[in-house]
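S.K.: Give the three-dimensional model of this entry:
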Amino acid sequence: MEERLLALLRLAIKYNATDIHFMLRYQDMEIEMRIDGLCHKVKTRFEDYKLIRYLQYLANLDVGNITTPQTGQFEMEVDGKLLSLRFAVINKLNYTNGVLRIMNSELNIDANRLSSIEMQNRYFRSLLNRKCGLVLFSGPTGSGKTTTLYTLLKSVKNRKIYSIEDPIEVYHDYLIQLSVNEAAGFDYAEGIKQILRHDPDIIMIGEIRDEKAARMAVVAANTGHLVVSSIHTSRACSCISRMSELGVNEDHLYENLICVSNQRMMTRKGSHEKIVLYEIMDLREIEYFRIHKHNSPTFLDIDTQIEKGIKNGIFSGDLY
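M.R.: Predicted structure coming up:
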């Protein structure tokens, strides 16, 4: 099983896959890899049905627990490269579903080359020099928003950066990281409270998934600190609507929100080179949206960029 897992990870690295999905029905296994946001089937072998139990063992999960969803983490060396991996598993009556997320902590991307548009790179760099405000990075699964966020934070010099995450997916030397543990009474509110006592320059909230995280992102920004986070939305302007849906007061949100970015990761036609497209709302565009609602003011609309790129033969693949 070790050799089979290594072979799958080598394939995932070759095609820059973010996740490997396993679906086991009795002894019939289906394996898919998420590449550029889309799932692609992988040819399986009969013995692959053993992989889920092997991954549970590596992630230190309770293989006897078939009622509760479980998540665990482990590291594995593949051809001299250490990978941080997270395995989540759900058991149902007639199938078992597992997802192996590849969370490589070695970010070798230059913050000056995140975008092919230099104006956007300059703007991103300027954001991290701000003293206060809320910055949201958005996009669908596999679009690279977490990589963008961590790459920018890694480029920051001489500033104290703290994070509150649920859970901590990858440990980074340049961050002081805290993990939410609600069972022990350590939630987002308590985490932000403790972080503020350490006089941070930047606070990173791992990902906004629920009401508590959304509310605390705005509360932390309202204390006069720079707060950065990620959120799942399909458009930049949708972030504002999503935050409202999560119970955030719109007036408080607009008082603190200084930038919303939405992105897609595309593949250059004829190669495996990845190109990330960004749709950015700055302060002026956020205010425009506040007044006009539902009318995106961004001149680099994400869907238009993708359509033009495919039409002009720059990108391969389908629209997200």
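
S.K.: Just give me the neighbour total for the closest residue in space to Gly37 that isn't next to it in sequence.
M.R.: Spatially, and ignoring its direct neighbours in sequence, Gly37 is nearest to Gly142 (4.0 Å; Cβ to Cβ, 6 or more residues apart in numbering). Using the backbone N, CA and C atoms, a C-beta is placed for each residue, glycine as well. Gly142 sits with 19 neighbouring residues when counted by other Cβ atoms under 10 Å.

S.K.: same question, Lys41
M.R.: The burial count for Lys41: 10, using other Cβ under 10 Å.

S.K.: which residues pair with it across the strands?
M.R.: Bridge pairing for Lys41 (DSSP bridges) gives the partners Glu32.

S.K.: what does Thr96 give?
M.R.: Leu24, Asn91.

S.K.: How many residues are close by it?
M.R.: Count around Thr96 with other Cβ under 10 Å applied: 19.

S.K.: contacting residues for it?
M.R.: Contact analysis of Thr96 by Cβ atoms under 8 Å, 6 or more residues apart in numbering lists Phe22, Met23, Leu24, Ile52, Val89, Ile90.

S.K.: again, only this time at 10 Å
M.R.: 22-26, 29, 49, 52-53, 56, 66, 89-90 (Cβ atoms under 10 Å, 6 or more residues apart in numbering).

S.K.: And for Asn112?
M.R.: Counted by Cβ under 10 Å, 6+ apart, Asn112 has contacts Glu118, Asn121, Arg122, Phe124, Arg125, Thr151, Ser155.

S.K.: List phi and psi for the fourth one.
M.R.: Per-residue torsions, Phe124: phi -60, psi -40 (degrees, to the nearest 10).

S.K.: ok, now the third one?
M.R.: Note on Arg122: its backbone torsions stand at phi -60, psi -40 [degrees, to the nearest 10].

S.K.: quick one, helices of the protein?
M.R.: 2-14, 51-58, 118-127, 145-154, 188-196, 211-222, 238-245, 250-256, 283-292, 302-311 (DSSP state H).

S.K.: How about residues contacting the longest one?
M.R.: In this structure, residues lying in contact with helix 2-14 by Cβ under 10 Å, 6+ apart are 17-20, 22, 31, 33-35, 42, 44-45, 47-48, 50-51, 54-55, 58, 76-79, 81, 83, 85, 100, 102, 104, 272.

S.K.: With stretch 55-65 instead?
M.R.: Here stretch 55-65 has contacts from 1-2, 5, 20, 22, 52-54, 68, 70-76, 85-89, 91, 96, 98-100, using Cβ under 10 Å, 6+ apart.

S.K.: switch the cut-off to 8 Å
M.R.: Contacts for stretch 55-65 (Cβ under 8 Å, 6+ apart): 5, 22, 53, 70-74, 76, 85-87, 89, 98, 100.

S.K.: Would you mind checking those for buried ones?
M.R.: For these, a burial check counting by 16 or more other Cβ atoms under 10 Å picks out Leu5, Phe22, Arg53, Gln70, Gly72, Gln73, Leu85, Arg86, Phe87, Val89, Gly98, Leu100.

S.K.: Farthest pair within the residues you listed?
M.R.: Leu5 and Gln70 (18.2 Å; Cβ to Cβ).

S.K.: what residues go with each domain of this protein?
M.R.: Recorded structural domains for the chain (assignment: automatic domain parsing) are 2-102, 111-316.

S.K.: Show me what the closest residue to Ala59 other than its chain neighbours is bridged to.
M.R.: Excluding the flanking residues, the one nearest Ala59 by Cβ to Cβ, 6+ apart is Gly72, at 3.0 Å. Note on Gly72: beta-bridge partners Phe87, judged by DSSP bridges.
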